[in-house]
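Novice: no sequence for this one, just the structure:
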């Protein structure tokens, strides 16, 4: 007589399962951390943009008083900006940064100076965060654009800017308009 064979069930994980399952968990944790890290950067940059936008009233007040854009930082007392978060200061220029032929009496640029070392070594050389460009319109109102700084070498990438500063969808940096009433 032959003995009936007893089929044994598998107890525990196979070697492949012991390798694959932890790899899946590690990958998911890495993706979740990446999203969290990027959202922290975007929150810090959005707060810096909000601080920069507060300077609009100062520049608009100067224009209303003198009929031209301020010609230097001293004209608008930009040193009074209180740095917070990643924003360590603002740099002002009459005209548009990177456009030497721009009208310095009707266009001006605020450049955000940032310190992003807290977000890791790949951000430690970043010095410029974004540009706020003021343009006087035909009716003497000022239109504001918030765009990525494509002129400075060590500038924050466009992908970390809030939606209001990312510019046009076709790759142009047209920016969103910020008008104060």
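Specialist: Thanks, I have it. Here the structure is a predicted model, which is why all the values come from computation and not from measurement.
Novice: ok, how many other residues are close to residue 60?
Specialist: The number of residues packed near residue 60 is 18, by other Cβ atoms under 10 Å. From N, CA and C alone the C-beta is placed, and that goes for glycine too.
Novice: my read is that it contacts residue 143, right?
Specialist: No. The pair residue 60 / residue 143 is not scored as a contact, 10.9 Å apart, by Cβ atoms under 8 Å.
Novice: which neighbours do the two have in common?
Specialist: residue 134 (Cβ atoms under 8 Å, 6 or more residues apart in numbering).
Novice: can you mark which positions in whichever strand or helix holds residue 31 are buried?
Specialist: Using DSSP states H and E, the element containing residue 31 is helix 15-53. For helix 15-53, burial by neighbour count (16 or more other Cβ atoms under 10 Å) applies to 41, 44-46, 48-49, 51-53.
Novice: could you point out which element follows that helix?
Specialist: Sequence order places helix 56-66 as the next helix or strand after helix 15-53, per DSSP H and E.
Novice: contacts for that next one, please.
Specialist: 69-70, 75-78, 108, 110, 132, 134, 136, 142, 144, 178, 180.
Novice: and these, which is closest to residue 154?
Specialist: residue 110 (17.5 Å; Cβ to Cβ).
Novice: list the contacts of the closest one.
Specialist: Taking Cβ under 8 Å, 6+ apart, we find residue 110 in contact with 52, 55, 59, 90-92, 131-134.
Novice: ok, now residue 124?
Specialist: So, once contact is read as Cβ under 8 Å, 6+ apart, residue 124 ends up touching 116-117.
Novice: and the gap between residue 97 and residue 85?
Specialist: Counting by Cβ to Cβ, to the nearest Å, the gap from residue 97 to residue 85 is 22 Å.
Novice: so these two - more neighbours on which side?
Specialist: residue 97 (21 against 16).
Novice: my read is that the more buried one contacts residue 150, right?
Specialist: No. Checked against Cβ under 8 Å, the pair residue 97 and residue 150 is beyond contact range at 9.4 Å.
Novice: contact partners for the residue nearest the centre of the chain?
Specialist: For the chain, residue 161 is the residue whose C-alpha lies nearest the centre (Cα atoms, centre = their mean; 2.7 Å). Residue 161 makes contact with 42, 45, 49, 129-130, 146, 148, according to Cβ under 8 Å, 6+ apart.
Novice: sorry, back to before: of the contacts of residue 110, which belong to helices?
Specialist: Secondary structure assignment (DSSP state H) places 52, 59 from the contacts of residue 110 within helices.
Novice: I'd say residue 117 and residue 123 touch.
Specialist: Yes. In this structure, residue 117 is within contact of residue 123 by Cβ under 8 Å, at 6.7 Å.
Novice: quick one, which of those two is more surrounded?
Specialist: Each of residue 117 and residue 123 has its neighbours counted (other Cβ under 10 Å); residue 123 has more, 18 against 12.
Novice: kind regards, and thank you for your time.
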